[in-house]
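[1] coords please:
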Amino acid sequence: MQQQFSEIADLIQSSLRGEEGFLANFSGESSQFVRFNRSAVRQAGAVEQRYLSLELFIGKRHASQSITLTGADDRDAVIAAVVALREVLTDTPEDPHFLINETPSSSVRVLPNQLPGDDEAVSAILETGKGRDLVGLYASGPIHRGFANSFGQRNWDTAHAFAADLSFYLQSDKAVKVDHAGTAWDAGAFTAKMDGAKMRLKALARAPKTISPGSYRVFLAPAALEELFGLLSWGGFSLASEKTATTPFIRMIAEGAKLDPRVTLVENAAEGLAPGFQEEGFVKPARVPLITAGAYTSALASPRSAAEFGVPQNGADGSESPVALDMAAGALADADVLKTLGTGVYVGNLWYTNYSDRNACRLTGMTRFATFWVENGEIVAPLNVMRFDDTLYNILGTNLVDLTAHRDLRLSTSTYESRSTQSMRLPGAVVANLAMTL
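    You can find the predicted model right below:
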């Protein structure tokens, strides 16, 4: 794919006229997918796809078009796109916020292929599911991204990754969700995760408990925190949201509100799966501090927002959402989580999260899958579904007890249109009080 993209970039370059320039972004993958149900393979297949996003510009005037590539001879389609954009460009007004990288910074990153053979991974999943109803999806293979422009810049990134998104289903709405993802298959870590899930599955078979609305001591597993930060990523770390006062962190910016000093968040592009460049050709810094020791530090600034608000860009994509969010670890050992929780609620997953009061950074959502009532450090019973409603300033601020020393690498399992390269590295959190509303 890299060779094809290089040839396409050269073709576009040679077809330019006068003061025309171009930006080209390539997205491709060669993926294997396996779907499981009742601990058996129900569907298996392969997907190979390639897309080109082409933007033609003259000064501040620009127009773009996306093309599906065949991987064979796409020369005619590419030239046709250049011609079509040239015609559109004549009637396109100038865009005052159009900002691109005009200083070439080329790069190539090809992560080593340490993926397991599909037979190895599938066999391990089937083996652990014996005698149970295991459902889910396994996806694996290389993901490619490329960038080129008329200034001679060429960037390429290939990441080899896999994601197993699985659940042990018991009955009705009772299931234990477990995932295993990364760039190299760790059989020991996979076995440990699945053994832990099987233990929770046994506890899930007990008579469920219903608790009254109120405040409870809780443990939020990394998967639960992922849901919260997934919501907060919709504008929470965006420069445009900061400047228009629509960020949920507005109290931190305007009033100096803080989270617990143990809470530090960075955009860690150097260690993430996403490419180290963005669609206008700017290279992402290795790390962008977002919240440091509980205090708001900086926002993700896309080139467009940087031009609009007169500040430097810092390599953010147009959405200004984190692609490699990294949260600092705490001191709590995984083996001590239940003991530290004592009596309260173990929350494995959350869903339907949303803002109940955006300006107050108040979040709401539902518990999901295996959520348990814990007494004296022991799981007693599964908990019927509850809704929580509380502010982040309470959850990761005044009520934070501790964060786990171990952090999960949470690779996005999204396959909408294509496999995602987004990731989060998160600990779990013990919280002294979380408001359960119904």
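
[2] Kindly export the longest helix belonging to the chain (C-alpha atoms) in PDB.
    Secondary structure of the chain read by DSSP state H shows that its longest helix is helix 187-204. Provided in PDB are the C-alpha atoms of helix 187-204 (Å, rounded to 0.1, in the frame of the first residue of the first chain):
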ATOM      1  CA  ALA A 187      -1.100 -15.600  26.300                       C
ATOM      2  CA  GLY A 188      -0.500 -15.200  30.000                       C
ATOM      3  CA  ALA A 189      -2.400 -11.900  30.200                       C
ATOM      4  CA  PHE A 190      -5.200 -13.300  28.100                       C
ATOM      5  CA  THR A 191      -5.600 -16.300  30.400                       C
ATOM      6  CA  ALA A 192      -5.500 -14.100  33.500                       C
ATOM      7  CA  LYS A 193      -8.300 -11.900  32.100                       C
ATOM      8  CA  MET A 194     -10.500 -14.800  31.000                       C
ATOM      9  CA  ASP A 195     -10.000 -16.600  34.400                       C
ATOM     10  CA  GLY A 196     -11.100 -13.400  36.200                       C
ATOM     11  CA  ALA A 197     -14.100 -13.100  33.900                       C
ATOM     12  CA  LYS A 198     -15.100 -16.700  34.700                       C
ATOM     13  CA  MET A 199     -14.900 -16.000  38.400                       C
ATOM     14  CA  ARG A 200     -17.200 -13.000  38.000                       C
ATOM     15  CA  LEU A 201     -19.500 -15.200  35.800                       C
ATOM     16  CA  LYS A 202     -20.000 -17.600  38.700                       C
ATOM     17  CA  ALA A 203     -20.800 -14.700  41.000                       C
ATOM     18  CA  LEU A 204     -23.200 -13.300  38.400                       C
END
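
[3] So which residues make contact with that helix?
    124, 128, 132, 164, 168, 170, 174-180, 348, 370, 372, 379, 381-382 (CB atoms under 8 Å, 6 or more residues apart in numbering). In short, each C-beta sits where N, CA and C put it, glycine included.

[4] got it, and stretch 393-406?
    217, 220, 222, 228, 251, 257-260, 262-263, 294, 327-334, 337, 340, 361, 363, 391, 427-435.

[5] Domains in this protein, by residue range?
    If you go by automatic domain parsing, the domain ranges for the chain are 2-204, 214-276+289-299+319-436.

[6] okay if I get those domains as JSON lines plus mean neighbour count and distance to Val283?
    Formatted as JSON lines, the domains of the chain follow (neighbours: other CB atoms under 10 Å; distance: least, CB to CB, whole Å):
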{"stretch": "domain 2-204", "mean neighbour count": "16", "distance to Val283": "5"}
{"stretch": "domain 214-276+289-299+319-436", "mean neighbour count": "19", "distance to Val283": "6"}
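
[7] Of all those, which one is nearest Gln313?
    Among these, domain 2-204 comes nearest to Gln313, with 7.0 Å by CB to CB.

[8] pLDDT (mean, whole number) over that closest one?
    What domain 2-204 shows for mean pLDDT is 94.

[9] Same question for stretch 258-265.
    Stretch 258-265 carries an average pLDDT of 98.

[10] end to end, how far does that stretch reach?
    This stretch, stretch 258-265, spans 13 Å end to end (CA to CA, to the nearest Å).

[11] Stretch 122-142 too?
    This stretch, stretch 122-142, spans 18 Å end to end (CA to CA).

[12] And stretch 91-99, by the same measure?
    End-to-end span of stretch 91-99 (CA to CA): 20 Å.

[13] if I look at Gln43, how far off is Gln49?
    For Gln43, the distance to Gln49 equals 18 Å [CB to CB, to the nearest Å].

[14] meant to ask about Val218, not that
    Distance, Val218 to Gln49, using CB to CB: 41 Å.

[15] And for Thr364?
    Thr364 is 37 Å from Gln49, where distance means CB to CB.

[16] Toward the C-terminus from the helix or strand hosting Gly28, list the very next helix or strand.
    Assignment of secondary structure by DSSP states H and E places Gly28 within strand 21-37. On the C-terminal side of strand 21-37, the nearest following helix or strand under DSSP H and E is strand 40-58.

[17] relative orientation of that following strand and strand 21-37 in degrees?
    Strand 40-58 runs at 170 degrees relative to strand 21-37, counting by axes from the mean of the first three to the mean of the last three CA atoms, to 10 degrees.

[18] how distant is strand 40-58 from the center of its chain?
    Distance, stretch centre to chain centre, for strand 40-58: 18 Å (CA atoms, centre = their mean, to the nearest Å).

[19] for it, packing partners?
    With contacts taken as 3 or more CB pairs under 8 Å, 6 or more residues apart in numbering; DSSP states H and E, strand 40-58 sits against helix 2-15, strand 21-37, strand 61-69, helix 75-89, helix 118-128.
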